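Student: Fold the following for me, if possible:
(chains A and B)
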Amino acid sequence: MRMQLGLSFLSLIIALLLAISNKAHAEYSAILEQEWSIDNNGNGQKFETLFEPQYTSSLSDNVEMTFIGRVRFDSFDHLGMANKNAENYSGINGPLFANNHTSFSIREWYFDTEIANSFWRIGKQQVVWGQADGLKVLDVVNPQSYREFILDDFDDSRIPLWMLNVEIPVGDDDSLQLLWIPDLSYNEYAIAGSVYQATSPLLVPILPEGFELAGFHQSKPDSVIKDSDVGLRYSKFYQGWDLTFNTLYHFLDAPVNYQVVEKNKVSIYAQYERSYLIGGTASKAFGDFTLRTEVGYSSDSFHLVDNDSANYLTKQGIHQSADVSSVIGLDFQGLTDIFISAQWFQSYLLDDGVGLVRPQHDHSFSLIYNQSFANEVWTFEGLILHGQDKGDGSIQAKLSYMLESNIKLWLGTDIFYGNKSALFGQFKETDRVNIGIEWGF
Amino acid sequence: MNSVPKPLFASRLAGIIVKYPKSTVFISLLLMIVLLSALPRLYKDTRADAFLAEDNPALVYRNKVKEQFGLSDPIVVAVINESDHGVFNPASLNLVNWLSEEVSALENINADRVTSLATENNITGSAEGMAVDPFFDEYPDTQQVADKIWRQVSDFPIYMGNLVAKNGQATLIVAELNDEALVEATYQEILALVEKAPKTLGDKIYVAGEGAIAGYLGSYIDADAQRLNPLAGLIITIIILLAFRRVSPGILSNVIIAASVLMTLSIMALNDVAFFVITNALPVILIGISVADSIHIYSHYFELQAKSPNRDKKEIIVETFEEMWRPITLTTLTTIAGFLGLYFAAYMPPFKYFGLFTAVGVAIAWLYSLVFLPASLAIIQPSASKGMTKLAQNNQVDKLSKMMMSLGKVTLGNARMVIAIFMVIIVSGIYAATFLTVNEDRIATFHPSEPIFKADTAINKFLNGTYNLDIVIEASENEGLFEPVNLQKMQALQNYALTLTNVQGATSIIDYLKQMNRSLNGGSKASYQLPQQKELIAQYFLIYSASSDPTDFEEEVDYDYRVANMRLNLNKGSYQDTKDVVLQLEAYIKENFKNSDLTAMVSGRVTVNYHWIKDLGESHFVGLGISLFLVWAVSALLFGSLSAAIFAIIPVMSSILLVYATMVILKINLGIGTSMFASVAIGLGVDFAIHTIDRLKSLYRKTNGDWNKTLADFYPSTGRALFLNYLAIALGFGVLISSKVVPLTNFGTIVVIAVTTSFLASLSLLPALIKVFKPRFISDVIPEVSTDVATNDPNSKQPVMARKWLRISSIIVAVATLGGLAITNQGHAAIIDINTLEPMAVVANINAVDDGEYVSRDLVMTLKDKRGKVRVRETKAYRKHYENEKRTILFYRKPTNVKGTSFLTFDYQDAKKDDDQWLYLPALRKVRRISASDRGDYFLGTDFTYEDMKLEGKLDVTDLDFTVLNAETLNIVDDNSYQSLLMSGTPKNTTIAKELGYSRTEFWVDTKSWLIIKAKYWDLKGKLLKTLVSRDIRLVDDIYTRHEMTMKNSKTGHQTTFSFSHVNYKTLVKDSLFSKRAMKQGK
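Tutor: Numbers count the residues shown, from 1 in each chain, chains lettered A, B, ... in the order given. Coordinates of the predicted model:
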């Protein structure tokens, strides 16, 4: 944290000096959002004020700086702000300040420049790979905050990383993207006792009956060079197809919870593991339909096994396997002002494991229905996610109204269904209704 | 004697000029030299197309057709042999081969587009299906082979008459150019080839064709101008030498001529105005006019000098200046008015510029005559010739003056008779004018003795003709021309065309299909007909392309078999010979192609010529009216009398009417060259009348109101000067009669007739009328006594004078308004005659509006609902045209909620190919591929549809059928008025209507910018759906740009205004901007 503060302070001074010495173009904008969520018991879940200022300034003819900050204030503390044990962030990431009601953070802060016909973005930023909505195959460059599980906007929940991002145009329509990510930050999970604390055995190790937790040991990669992530993406536009070929050598963003049994005690060793990801996307429009596909091969993936299986002891509760995941999505825009999108997501573990909590071949589906009315003054957005294995899922619906050009009001609901042990089902008792207002200026 | 106060300013100016003569001469020459430095920039444009404005619908459409089918005006080489075997003998065929190869090898010749017996293929049936082999498959070295080729060719109807004379005595080598701008050099190269071609006895080679005409015309006119201009200068110098017996006036006159001509041409060069064919007449006219001013100054100067040889010459110069500045300025103003009439009335750019720049030249001549000439005289101080001095001393006059006195005697003695004679001339002229024929024939520009004229005659005698008319037939869908019903319709049109006078041949895919059908059906003549099944037709083309070069049909049909060109050959090219063909074809198409999948449109050189000439007559008479009015108005203001102005224009009116009579008698048509005579005749002819009236007024004053003495004194002095003036102009224009450019010869002839008549009328009819009517504009200026009375009582005089000027001004304004209204209505009708206006030509014009290769602009979208609630979105938009697509990207800047959103589109020319579109939503941080939206869908919540956004004000001819409804003035609230065409567009079928979301549209097109200013759309039930209004149209980087567009939806009451600012067509828009990377980065 101290390191981050120092770095931020230094950068701020440099940027201010540059901005002052150069009377170039600068732009300031901000979003103020207020959302009130009420759970199915009629209790307030959050009353959150979000202030996101954005400042963009041309430091020279060829260098532009973008700064996005975030101040979050929640008059309730049910979602948990200050995670004292948050080891997921590297020294140069994470909130500048946080307590149970408030947090200040630098969301993004990067410099854009063009050098030798290639486009460089250096700094804290988000990079999104892949074509799928809501389900991740290739979109694993940035880690995610699961503070509100999957309910927060991806833009808000994705954790920006300090990285070097170079995009080199190739020919007329192709490009090569290179990523070097020395920021060793990973997924953030809801803290114990907060509303969206994970309980599903898919995510959380369940100790065998009668066993005690001996200790929780967390270790994180710490070498900025050796443990950094490296990614490469080649994008091609060929005969109307948008194609990408991606590869990422990275640490998986979720820690692997190895469970070591000694006598009747279990010690959990949370460790981050590396994996190679190779994959690609292809999408193309066919009349009113757009096909989006995405496939990824991960050399290693780690999954919990049942504590009563043979593997629990021998493999420290973890099954390791290569994984092939894919998404096929089809969007339909044939009706005026209506957008319908369906996706089929599957993940297949190349090695079957005895006692795996998840199935070897897992399927999920999603359906999006968006419709706007009266020249986009009113917009309805609906999203259903459904896991086939456990028959659970979530339904999100939102009706927005543009009061002014820059003021949006909305009313929405988030509903979970299914077995308590399932991914979505674990939150079946935390359905909520949201009312919000957003003011941009 | 002279009681009129001397013009103070003139005296002072003359004093300064005479005091500092060397400085004045130096400054005058320096000014001339500085301007002359621009002269090398002047360029020639002798193209026929140059006569039409670049945005003329017919021209725009023809250029589009030329581009689509790769057509150009070819150079045609004909080999003619009138022996028994005709050209089908080994020697002549080898000559054809030699010429084909040599012509193809020329750099500016498109070797793939050289058509001759040596390059063309025969289509025959074969074991495999169809054989496509060159006619010269076997080298034609024996008579048997030559006979075989003749049998093959004569069995191939497409080539008979087009490529080979039906009697076998002539054949063509048709060569198309790579760059039409270099035609002149290519034509000369071909002539050189012809010169060294291996001709044998009986072979004659001719070079003609529109390409050759354009190529030769440039050098032909150059040579003519180089001969004529020095000749005119020489003649004028001789006249001055003879008149004044002194060398210096001759030299000084030539300096003024040089200043006027060369400075005018330099100003043209500075304004990027080309030297057109008719600009050749400009130097000659300026020579005549500029010398006239100096002749009047010399006459007066030498007259005074002869009377008082010992008087200080500088004093004489000042007195001459004081006396002459007024009539010279008067005549200059009236001449300028005459030429500006041409400028205002002409619809062809060369004529407009001719009128404008001749006026500029006249002004320069005036300036140099009044500044440079007195200064030079002050330096040289020439004395009158001894003879002249002697005569003056003895109060005698010379022979010229005596001759003029005799004219005066006869005129004044028989005043009523003179008036009667001119009345007869005027009445006959009016009668004759009704018989005037408008005609123009480009080949007739050349003298009949010219080789190109002979070549044209010979080729049109043996073959189908060198004049082309193209009919473009368009199906609504790709491969629509495979439909037998469409082909039958085309065939019927072709057959009809062949029945029309002067149409000798026609070529289209119909002929090729028939020939292929015949070849594949055993070659019997009975099978020379169109195949009946669509599949068969498609197969024929496939088989042909498999057997030969697939580009063989590119002149006849496009790659998608949707648009075809039918080329008609006419053996005559004049307007009168071809206008009926164009009109009859247009009528046939209107009648037979309505409610059909096919549209047809007449184009080609002949059609363009028709549009070029059809309004010539009307434009001529409008120009005449404007010139007469301007001259009358200027005269009225200058003389302070409306009736004086009427008297001033009577001589020119009589001269013009006499010219009409002469033209009818001599069978001279009203064409490009001759139509501009009226303005020239008015501008020049009125000078005589102005001098006459002005002089008579001053003499009346001097003779104290003695009418007889006034008229008698007029002849020896002013009469003599006017005669010299007349001689200079008449002989100057007389030089044109010896021109080899036939229209210039005709022009010279009729201007000489007109000027002669004006001169005679000014010196006979005008004095006769004045004698008979004793008009007040001459008599009420003087009497010395009454002037004194007036000056004693200024209060009584001034209101009278004020009322008089007020009356004159108001009458001029009234006449101008009425005339203007008449001319506007008529003129507008001349330009926009909706009955003959082809909707497709208007559409072609709209679609040809330049919108820049690329553009960047700020776009603010203001969305307003029926309750008045407003939402605003600010964006930055870029667009760039690529070879096969248009790329557009839109970055949202405000409000913050949508900031960072961007929208990228690749819009492909190929209608079959869907657009590619991407949307970047900052909330997702992901560029999302989206399907090409339905055309009728609304664009991002606005009232504009995706189709509106895509077309950007253009029209899709494959979707709509168009009709011209009306020509009207469109007033846009808070904006301008536009002269517009109201058109309607109807979707071709209900599927398209559903896709577009409307069943009918009406739109108003500004005929100046060809932008759509307003449009209305009706929904599928026929109710008004939405209305588009454009405002704030102005030029940005020379491109007409709509800065505001409002689309109002009548059903929802919602409206969207697009306001554009910072529009920039100049700054390069980088390719990298149209990328997913740029979408994410927001720039």
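Student: And stretch B:1066-1083, end to end?
Tutor: 18 Å (CA to CA, to the nearest Å).
Student: Pull the distance from that stretch to the chain's centre.
Tutor: Put simply, stretch B:1066-1083 sits 42 Å off its chain's centre (CA atoms, centre = their mean, to the nearest Å).
Student: quick one, helices of chain A?
Tutor: Taking DSSP state H as the test, the helices found in chain A are A:2-21, A:154-157, A:310-314.
Student: Now the element after the host helix or strand of B:L59, going C-ward?
Tutor: In this structure, B:L59 sits in helix B:57-69 according to DSSP states H and E. Where DSSP H and E defines the elements, the next helix or strand beyond helix B:57-69 is strand B:75-81.
Student: contacting residues around the closest residue to B:N971 other than its chain neighbours?
Tutor: Computed as CB to CB, 6 or more residues apart in numbering or on different chains, the closest residue to B:N971 that is not its neighbour in sequence is B:S977, at 4.9 Å. Bear in mind the C-beta positions are built from the backbone N, C-alpha and C, glycine included. Counting by CB atoms under 8 Å, 6 or more residues apart in numbering or on different chains, B:S977 makes contact with B:T969, B:L970, B:N971.
Student: Which PyMOL command selects the buried ones in the residues you listed?
Tutor: Remark: buried members of those, expressed as a PyMOL selection using 16 or more other CB atoms under 10 Å in any protein chain shown:
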select buried, chain B and resi 970
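Student: CSV for the contacts of B:S977, including secondary structure and pLDDT?
Tutor: Conversion of those to CSV gives the following (DSSP: H, G, I helix; E, B strand; the rest coil; pLDDT from 0 to 100):
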residue, secondary structure, pLDDT
B:T969, strand, 83
B:L970, strand, 85
B:N971, strand, 83
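Student: so B:G218 sits right up against B:Y43, yeah?
Tutor: No - look at B:G218 against B:Y43 with CB atoms under 8 Å: they stay out of range, at 10.9 Å.
Student: So between these two, which is more surrounded?
Tutor: Neighbour comparison, B:G218 and B:Y43: the larger count goes to B:G218, with 19 against 11 (by other CB atoms under 10 Å in any protein chain shown).
Student: For the more buried one, give me its contacts.
Tutor: When contacts are taken as CB under 8 Å, 6+ apart, B:G218 is in contact with B:K44, B:T46, B:E184.
Student: Now it: which helix or strand?
Tutor: helix B:210-244.
Student: Could you check the pLDDT of B:F903?
Tutor: According to the prediction, B:F903 has pLDDT 91.
Student: what's the neighbour count on A:S283?
Tutor: Other residues lying near A:S283 total 22 when counted by other CB under 10 Å.
Student: Report the helix or strand with the lowest average pLDDT across the chain.
Tutor: Let's take chain A. When the helices and strands of chain A are scored by mean pLDDT, DSSP states H and E, helix A:2-21 comes last with a mean of 57.
Student: that's the other chain; I wanted chain B
Tutor: helix B:784-792 (a mean of 40).
Student: Show me where the stretch 451-600 of chain B has its helices.
Tutor: B:451-462, B:484-499, B:509-519, B:534-547, B:575-592 (DSSP state H, counting those that start in this stretch).
Student: Check which element follows the helix or strand containing B:V606 along the chain.
Tutor: Using DSSP H and E, B:V606 sits in helix B:605-613. Counting by DSSP H and E, the next helix or strand C-terminal to helix B:605-613 is helix B:616-639.
Student: Now that following helix - C-alpha only, PDB.
Tutor: C-alpha atoms of helix B:616-639 as PDB (Å, rounded to 0.1, in the frame of the first residue of the first chain):
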ATOM      1  CA  LEU B 616     -28.900  27.800 -77.400                       C
ATOM      2  CA  GLY B 617     -31.700  29.700 -79.200                       C
ATOM      3  CA  GLU B 618     -33.400  30.600 -76.000                       C
ATOM      4  CA  SER B 619     -30.200  31.700 -74.300                       C
ATOM      5  CA  HIS B 620     -29.400  33.800 -77.400                       C
ATOM      6  CA  PHE B 621     -32.600  35.800 -77.200                       C
ATOM      7  CA  VAL B 622     -32.400  36.100 -73.400                       C
ATOM      8  CA  GLY B 623     -28.800  37.400 -73.800                       C
ATOM      9  CA  LEU B 624     -29.900  39.800 -76.400                       C
ATOM     10  CA  GLY B 625     -32.600  41.100 -74.100                       C
ATOM     11  CA  ILE B 626     -30.300  41.600 -71.200                       C
ATOM     12  CA  SER B 627     -27.600  43.300 -73.300                       C
ATOM     13  CA  LEU B 628     -30.100  45.700 -74.800                       C
ATOM     14  CA  PHE B 629     -31.600  46.500 -71.400                       C
ATOM     15  CA  LEU B 630     -28.200  47.100 -69.800                       C
ATOM     16  CA  VAL B 631     -27.000  49.300 -72.700                       C
ATOM     17  CA  TRP B 632     -30.300  51.200 -72.500                       C
ATOM     18  CA  ALA B 633     -30.100  51.600 -68.800                       C
ATOM     19  CA  VAL B 634     -26.500  52.700 -68.800                       C
ATOM     20  CA  SER B 635     -27.300  55.200 -71.600                       C
ATOM     21  CA  ALA B 636     -30.300  56.500 -69.800                       C
ATOM     22  CA  LEU B 637     -28.300  57.100 -66.700                       C
ATOM     23  CA  LEU B 638     -25.400  58.700 -68.600                       C
ATOM     24  CA  PHE B 639     -27.600  61.000 -70.700                       C
END
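Student: chain center to the next helix or strand after it, what's the gap?
Tutor: Where DSSP H and E defines the elements, the next helix or strand beyond helix B:616-639 is helix B:642-666. For helix B:642-666, the separation from the chain centroid amounts to 27 Å (computed by CA atoms, centre = their mean).
Student: What of stretch B:412-428?
Tutor: Here the centre of stretch B:412-428 is set off from its chain's centre by 39 Å, with CA atoms, centre = their mean.
Student: Just the buried positions in that stretch, please.
Tutor: B:L412, B:A415, B:V418, B:I419, B:F422, B:I425, B:I426.
Student: so the fourth one touches B:V772, yeah?
Tutor: Translated: B:I419. Yes - if you go by CB under 8 Å, B:I419 and B:V772 touch, sitting 6.7 Å apart.
Student: and stretch B:937-956, how far apart are its ends?
Tutor: OK, stretch B:937-956 end separation, CA to CA: 17 Å.
Student: anything in that stretch near chain A?
Tutor: Yes - Stretch B:937-956 is in contact with chain A by CB under 8 Å from any CB of the partner chain, via B:D937, B:Y938, B:L940, B:G941, B:T942, B:D943.
Student: Okay, buried residues for that stretch please.
Tutor: Per 16+ other CB under 10 Å, stretch B:937-956 contains these buried residues: B:937-951, B:953, B:955-956.
Student: swap in stretch B:575-585?
Tutor: Those would be B:Y575, B:D577, B:T578, B:K579, B:V581, B:V582, B:Q584, B:L585, for stretch B:575-585 by 16+ other CB under 10 Å.
Student: Near chain B, which residues of the stretch 301-441 of chain A are found?
Tutor: A:331-334, A:336-337, A:372, A:374-377, A:402, A:404-406, A:408, A:438, A:440-441.
Student: Name the helix or strand for B:V860, please.
Tutor: Assigned by DSSP H and E, B:V860 belongs to strand B:854-864.
Student: so what strands line up beside that strand?
Tutor: Sheet pairing of strand B:854-864 (DSSP bridges) gives strand B:870-881 (antiparallel), strand B:1055-1064 (antiparallel).
Student: Need these in a markdown table (columns: mean neighbour count and mean pLDDT).
Tutor: Output for those, formatted as a markdown table (neighbours: other CB atoms under 10 Å in any protein chain shown; pLDDT from 0 to 100):
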| stretch | mean neighbour count | mean pLDDT |
| --- | --- | --- |
| strand B:870-881 | 19 | 90 |
| strand B:1055-1064 | 18 | 92 |
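Student: a markdown table for the ones you listed, including distance to B:K912?
Tutor: Below are these laid out as a markdown table (distance: least, CB to CB, whole Å):
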| stretch | distance to B:K912 |
| --- | --- |
| strand B:870-881 | 19 |
| strand B:1055-1064 | 29 |
